[in-house]
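**Q** Structure for this input, please:
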Amino acid sequence: MGVLHLVNRSPHQSASLAQCLARVGDGDAVLLLEGAVYAALKGSAAAPGLQEALARVAVYVLAPDLAARGVAAEEVAEGLALVDYEGFVELSLRHAPIQSWF
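**A** Numbering: from 1, shown residues only. Okay, the predicted model is just below:
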């Protein structure tokens, strides 16, 4: 079981995502939630780093947070998986520990 990294800040307001991606290990998972979902958009400044991370870790995006920001699922970069709240719970049960990046 790898670490579940929770990132909640937009890459436009915080370096949390970049710091997280620099420290993730093989088998870890990253979940983008709240403002961090903007990093998942096709063509975002964070997209290259996320695509590179996909070689080592799974990257998930909380779909309800996308919807709350008026972002359609089709706008999410390829390779990133959408999860609902049930999926969030499943991720938290499959990974230990859980690291929050604020």
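
**Q** Test my guess that Ala47 contacts Tyr38.
**A** No - if you go by Cβ atoms under 8 Å, Ala47 and Tyr38 don't touch, sitting 10.6 Å apart. Using the backbone N, CA and C atoms, a C-beta is placed for each residue, glycine as well.

**Q** Mind exporting the C-alpha coordinates of stretch 88-102 to PDB?
**A** Provided in PDB are the C-alpha atoms of stretch 88-102 (Å, rounded to 0.1, in the frame of the first residue of the first chain):
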ATOM      1  CA  PHE A  88     -12.400   8.900  -2.400                       C
ATOM      2  CA  VAL A  89     -13.400   6.600   0.500                       C
ATOM      3  CA  GLU A  90     -12.100   3.500  -1.400                       C
ATOM      4  CA  LEU A  91      -8.800   5.300  -2.100                       C
ATOM      5  CA  SER A  92      -8.400   6.200   1.600                       C
ATOM      6  CA  LEU A  93      -9.000   2.500   2.500                       C
ATOM      7  CA  ARG A  94      -6.500   1.200   0.000                       C
ATOM      8  CA  HIS A  95      -3.700   3.600   0.900                       C
ATOM      9  CA  ALA A  96      -1.800   4.300   4.100                       C
ATOM     10  CA  PRO A  97      -0.800   6.700   5.300                       C
ATOM     11  CA  ILE A  98      -2.700   9.700   3.900                       C
ATOM     12  CA  GLN A  99      -0.700  12.900   3.400                       C
ATOM     13  CA  SER A 100      -2.400  16.200   2.900                       C
ATOM     14  CA  TRP A 101      -0.700  19.000   0.900                       C
ATOM     15  CA  PHE A 102      -2.100  22.400   1.900                       C
END
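
**Q** Name the nearest residue to the residue sitting nearest the centre point of the chain, sequence neighbours excluded.
**A** Residue closest to the average C-alpha location in the chain (Cα atoms, centre = their mean): Leu32, at 2.9 Å. Leaving aside its chain neighbours, Leu32 sits nearest to Val61 (4.9 Å; criterion: Cβ to Cβ, 6 or more residues apart in numbering).

**Q** Pick out whichever of Ala47 and Tyr38 has more residues nearby.
**A** A count of neighbours by other Cβ atoms under 10 Å puts Tyr38 above the other of Ala47 and Tyr38, at 22 against 18.
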